[in-house]
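[1] have a look at this fold, sequence not included:
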């Protein structure tokens with residue numbers, strides 16, 4: 001009778017690998033239950049280690065949570081900042097920033113849930129409010145340049161920056177759960193409202209400049225046809241009114257001359 005082959009030994013994790021494992025597990029648990037709803041025991045059990053291992057790496061769940069939040073904070077801030085700096089045209093900056101946020105949400109839903117859920121005072125700078133403040137500062141700088149170029153009062157740039165960031169951020173929080181429509185379409189509609197305003201919304205917004213140009217040409221052709229149709233209707237109405245006027249005049253002339 002042959003003896004069973006010995007089980008292969010599981011490769012021992014390095015300290016760095018264990019730390020990353022705990023961060024991944026912590027991110028998932030914190031996103032689902034929050035900091036207060038997650039225990040060190042649960043983190044250790046999910047990682048297959050004892051509680052002292054968690055304490056050794058992070059000092060407790062608060063330390064683990066702080067690292068998770070700060071990582072997500074820096075990741076999202078870098079994405080949005082890079083997107084603002086990667087485009088030349090101001091509409092392009094807004095498009096890329098909105099799309100960057102939605103791409104982050106789609107790729108890191110747990111991280112985003114943690115940022116917006118319950119950032120505690122003990123987590124350093126990594127709170128959602130401070131993140132939005134950082135992004136608003138970047139947007140404010142961009143807007144101030146644009147305001148100067150158009151001779152607007154740049155003292156209002158901070159207020160407009162808060163408006164824009166708040167609009168995009170709230171839309172992102174809503175989209176985190178609904179996930180419809182697709183992110184490019186959501187970004188296009190956000191930019192449509194931010195760029196054009198309610199009085200000039202594009203009927204079919206798009207992030208693609210060529211599609212926007214074609215849509216603009218289509219609207220212009222439609223407007224020209226509508227104008228031509230309206231002009232023709234006016235001419236027709238004027239001609240009818242003239243015929244009515246002439247007929248009324250003939251009738252008055254007949255009354256005035258009984259011999260006819």
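    Sure, I can see it. Keep in mind the model is a prediction, meaning the values are calculated, not measured. Numbering: from 1, shown residues only.
[2] roughly how far does residue 131 sit from residue 81?
    Plainly put, residue 131 is 11 Å away from residue 81 if you go by Cβ to Cβ, to the nearest Å. (Glycine included, C-beta is placed from N, CA and C.)
[3] and the two? which has more neighbours close in?
    Residue environment comparison for residue 131 versus residue 81 gives the larger neighbour count to residue 131, 23 against 17, counting by other Cβ atoms under 10 Å.
[4] nearest spatial neighbour of that one, skipping sequence neighbours?
    On the basis of Cβ to Cβ, 6 or more residues apart in numbering, the spatially nearest residue to residue 131 that is not a chain neighbour turns out to be residue 73, at 5.4 Å.
[5] give me the mean pLDDT for the helix or strand containing that neighbour.
    Residue 73 is part of helix 61-86, with elements assigned from DSSP states H and E. For helix 61-86, the per-residue pLDDT values average out at 92.
[6] again, but for stretch 209-223
    With pLDDT averaged residue by residue, stretch 209-223 scores 86.
[7] now tell me what touches it from outside.
    The set of residues external to stretch 209-223 that reach it, using Cβ atoms under 8 Å, 6 or more residues apart in numbering, is 202-206.
[8] in the helix holding residue 73, what counts as buried?
    Buried residues in helix 61-86, defined by neighbour count with 16 or more other Cβ atoms under 10 Å: 61, 63-69, 71-73, 76-77, 79-81, 83-84.
[9] give me the number of residues near residue 38?
    Other residues within reach of residue 38 by the criterion other Cβ under 10 Å amount to 21.
[10] chain neighbours aside, what residue packs nearest to it?
    If you skip the residues right next to it in sequence, residue 38 has residue 29 as its closest partner in space, 4.6 Å away by Cβ to Cβ, 6+ apart.
[11] what's that neighbour in contact with, if anything?
    For residue 29, the contacting residues are 38, 42-43, 46, taking Cβ under 8 Å, 6+ apart as the criterion.
[12] any idea how far residue 64 lies from residue 204?
    Between residue 64 and residue 204 the distance is 46 Å, computed by Cβ to Cβ.
[13] can you pull out the helices in this protein?
    Read by DSSP state H, the chain holds these helices, from start to end of the chain: 15-33, 40-47, 51-58, 61-86, 90-107, 109-117, 128-149, 157-178, 183-196, 209-256.
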